[in-house]
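Enquirer: Sequence unavailable; structure follows:
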């Protein structure tokens, strides 16, 4: 079966590196495939576009430019916050912290610098401004059920005990 632009449930194995570099940033090889429904914005746009038309079992190396991944770096996304907001945290440059945005969403920041008065954080995604290389294998493709197409959530078949719930049983 072929990956379609909308409402295909796709499972992939991937290994991610920054383009031109060897160090693996992320990988799910040897683990559960990453499953998502096409056309729902679940993965970065450049990777999803490149997967459209691929067949189950097909492998590819896919270069995704920064603009189609996590966007360009925004230097205005650096902000100095009062040190009191970080009470109880042993700060280190480069550490990733998670907080809550204005609309209740989870946001990730990187500690750039800190002193006695404040902490400079970067609200850019750590991979913003970077071209990415994905080595992917399409391990499964099927049409989304009507419920999956409507909700955007992949339905798990079976129950706990058959391994499909991801709990390890």
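Expert: Structure's in. What do you need? Because the structure is a prediction, the values reported are computed rather than measured. Numbers count the residues shown, from 1 in each chain.
Enquirer: switch to C-alpha atoms for all contacts and neighbour counts from now on
Expert: Noted.
Enquirer: For this protein, just list every one of the helices.
Expert: Using DSSP state H, the helices of the chain run over residues 45-51, 146-151.
Enquirer: ok, and which of those helices has the densest surroundings?
Expert: Neighbour counts (mean count of other C-alpha atoms under 10 Å) averaged over each of the helices of the chain peak at helix 45-51, with a mean of 19.
Enquirer: roughly how far out does that helix sit from the chain middle?
Expert: Counting by C-alpha atoms, centre = their mean, to the nearest Å, helix 45-51 is centred 13 Å from the centre of its parent chain.
Enquirer: Stretch 27-39 too?
Expert: Centroid displacement of stretch 27-39 relative to its chain, using C-alpha atoms, centre = their mean, is 10 Å.
Enquirer: and if you look at stretch 109-122?
Expert: Chain-centre distance of stretch 109-122: 24 Å, with C-alpha atoms, centre = their mean.
Enquirer: cool, stretch 14-31 as well?
Expert: That offset, for stretch 14-31, works out to 12 Å (C-alpha atoms, centre = their mean).
Enquirer: residues making contact with it?
Expert: 13, 34, 63, 130, 131, 132, 133, 134, 135, 136, 137 (C-alpha atoms under 8 Å, 6 or more residues apart in numbering).
Enquirer: what do you get for stretch 102-114?
Expert: Contacts to stretch 102-114, defined as C-alpha under 8 Å, 6+ apart, come from residues 83, 91-101, 119-126.
Enquirer: Domain parsing of the protein, as residue ranges.
Expert: The chain breaks down by automatic domain parsing into domains covering 8-70+128-151, 75-122.
Enquirer: Comparing those domains by mean pLDDT, which bottoms out?
Expert: Mean pLDDT across these is lowest at domain 75-122; the value there is a mean of 92.
Enquirer: circling back: in a markdown table, list the helices of the chain along with distance to residue 17.
Expert: Formatted as a markdown table, the helices of the chain follow (distance: least, C-alpha to C-alpha, whole Å):
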| stretch | distance to residue 17 |
| --- | --- |
| helix 45-51 | 13 |
| helix 146-151 | 31 |
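Enquirer: Which one (most neighbours) among the contacts of stretch 14-31?
Expert: Highest neighbour count within those, by other C-alpha atoms under 10 Å: residue 132, with 25 neighbours.
Enquirer: quick one: contacts for the most centrally placed residue in the chain?
Expert: Nearest to the geometric centre of the chain sits residue 43, at 6.1 Å (C-alpha atoms, centre = their mean). Taking C-alpha under 8 Å, 6+ apart as the contact definition, residue 43 lies against residue 36.
Enquirer: Look up how far residue 36 lies from it.
Expert: Here residue 43 is placed at a distance of 8 Å from residue 36 (C-alpha to C-alpha, to the nearest Å).
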